[in-house]
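Engineer: please find the sequence and the predicted model below.
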Amino acid sequence: MILFASTAVADKNASLNTKADGSTKGEEMKPKGPLNLEWKTGGGMQFWTDHLYRQGYRIQQNAVTGHWRLLDADNVRLSWGSRTTCESVLKRKCSDIPDKKSDQSTVILLHGLMRTRGSMSSMQKYLENQGFPSTIRFSYASTRRSISDHARALKEVLENLPSHTELRFVGHSMGNIVVRHLIADLKKDDPKKILPRCKSMVMLGPPNQGAMIARRLAPTGIFGWVTGAGGLELGPDWKQLEKKLATPSFPFAIVAGDVSSKPIQNPLTEGSGDFVVSVDEAKLEGSKWLKTVPVLHSFLMDDKAVQKMTSDFFKEH
């Protein structure tokens, strides 16, 4: 993987970069940023977080190095380096005029801890076939940054969407806590009036009361090393995090997994649950309803019954 190029190489290849970015022949030849090889990436994984979304293009920041990149809808890297460089290329690739399908409503899907946006693909396809054509699978480095960091990045994405678009959310596991942190942040500072446009949300396996499994694994040290600050916030640091969260001020529903009838149970959890989050941990006062399904935590978003519940709730709210 080529991550950095010297200024000399960038200067030498200025002409090539300019043409690749779509400039005219008469335009003054000068560097547009580091030399870029357009190649397909993994799309995010655990090191990249989305900060801007437009017509399928995404500008992301690396949680470790801090540098930026621009991906197209197929996860091909079109530019990298500074955010300014990526935004400049994005401007040439597409206008800031929104897609017609996103004019009225957009559904934001958020994956859970140690997962990627790819885990929400099945839910995305189902919702699009049910009359919700504009969907965004938000990618965030769940194991590399804090939940507060993820909420700030999500806020940036939403602020750059059309100012009149209605917003709905589907969160899996930690993704729900990111949204709850976002809501608390918006209650303090919401210049783009995002909160009034949030219409509904469906929470899948949300650790709304923290996670017993995270508290019990944290003392090993390995858990924190693998899951990062976000994982610890769901466990031993929950009391501090909980103060920064808000309950949605718009209609929301909860789907919790309950596999308590299965012969094998997780000794790291307590009570009925989905092998990771218990039904009691998923509860949050104010929900329109809480329904249980006999599905493991990792597969809630892929379950057809859960997908139908989600679509039906959005059509009602």
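Structural biologist: Thanks, I have the structure now. Residues are numbered from 1 along each chain as shown.
Engineer: what helices and strands are in contact with whichever strand or helix holds residue 199?
Structural biologist: Assigned by DSSP states H and E, residue 199 falls within strand 198-204. With contacts taken as 3 or more Cβ pairs under 8 Å, 6 or more residues apart in numbering; DSSP states H and E, strand 198-204 sits against strand 166-172, helix 174-188, strand 252-257, helix 304-316. (Each C-beta comes from the backbone N, C-alpha and C, glycine too.)
Engineer: now the last one: average pLDDT?
Structural biologist: Regarding helix 304-316, the rounded mean pLDDT is 98.
Engineer: what does that helix contact?
Structural biologist: Helix 304-316 has contacts (Cβ atoms under 8 Å, 6 or more residues apart in numbering) with 107, 122-123, 126-127, 130-132, 168, 170, 200, 202, 204, 251, 253, 255, 288, 291, 293, 295, 300-301.
Engineer: equivalent analysis for the first one, please.
Structural biologist: When contacts are defined by Cβ under 8 Å, 6+ apart, strand 166-172 is touched by residues 104-112, 115, 119-120, 123, 127, 132, 158, 161, 177-179, 194, 197-206, 300-301, 310, 314.
Engineer: quick one on the thing from earlier: export the helices and strands packed on strand 198-204 to CSV and tack on mean neighbour count and distance to residue 148?
Structural biologist: Below are the helices and strands packed on strand 198-204 laid out as CSV (neighbours: other Cβ atoms under 10 Å; distance: least, Cβ to Cβ, whole Å):
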stretch, mean neighbour count, distance to residue 148
strand 166-172, 24, 16
helix 174-188, 23, 6
strand 252-257, 25, 21
helix 304-316, 17, 27
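Engineer: how about a markdown table for those, with distance to residue 213 added?
Structural biologist: Below are the helices and strands packed on strand 198-204 laid out as a markdown table (distance: least, Cβ to Cβ, whole Å):
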| stretch | distance to residue 213 |
| --- | --- |
| strand 166-172 | 16 |
| helix 174-188 | 12 |
| strand 252-257 | 13 |
| helix 304-316 | 21 |
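Engineer: just so I know, which of those lies nearest residue 236?
Structural biologist: helix 174-188 (15.0 Å; Cβ to Cβ).
Engineer: restricting to C-alpha, output the closest one in CSV.
Structural biologist: The C-alpha trace of helix 174-188 is given here as CSV (Å, rounded to 0.1, in the frame of the first residue of the first chain):
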residue,chain,number,x,y,z
MET,A,174,-22.7,0.1,19.6
GLY,A,175,-24.1,1.9,16.6
ASN,A,176,-27.2,2.8,18.8
ILE,A,177,-25.0,4.3,21.5
VAL,A,178,-23.2,6.4,18.9
VAL,A,179,-26.6,7.8,17.8
ARG,A,180,-27.6,8.5,21.5
HIS,A,181,-24.4,10.4,22.0
LEU,A,182,-25.1,12.3,18.8
ILE,A,183,-28.6,13.3,20.1
ALA,A,184,-27.1,14.6,23.3
ASP,A,185,-24.5,16.6,21.3
LEU,A,186,-27.2,18.1,19.0
LYS,A,187,-29.2,19.2,22.1
LYS,A,188,-26.3,21.4,23.0
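Engineer: quick one: buried ones out of the contacts of helix 304-316?
Structural biologist: 107, 123, 126-127, 132, 168, 170, 200, 202, 204, 251, 253, 255, 293, 295, 300-301 (16 or more other Cβ atoms under 10 Å).
Engineer: isn't residue 248 right next to residue 201, touching?
Structural biologist: Yes: counting by Cβ atoms under 8 Å, residue 248 touches residue 201, with 5.5 Å between them.
Engineer: which of the two has more residues huddled nearby?
Structural biologist: residue 201 (29 against 20; other Cβ atoms under 10 Å).
Engineer: for the more buried one, give me its contacts.
Structural biologist: Contact analysis of residue 201 by Cβ under 8 Å, 6+ apart lists 168, 169, 170, 171, 176, 179, 248, 250, 251, 252, 253.
Engineer: neighbours of residue 259, just the number please.
Structural biologist: Neighbours of residue 259 (other Cβ under 10 Å): 18.
Engineer: re earlier: and residue 66, which of the helices and strands packed on strand 198-204 is closest to it?
Structural biologist: Nearest of the helices and strands packed on strand 198-204 to residue 66, taken as Cβ to Cβ: helix 174-188 at 20.4 Å.
Engineer: what helices or strands is the closest one leaning on?
Structural biologist: strand 105-110, helix 147-159, strand 166-172, strand 198-204.
Engineer: no further questions, thank you.
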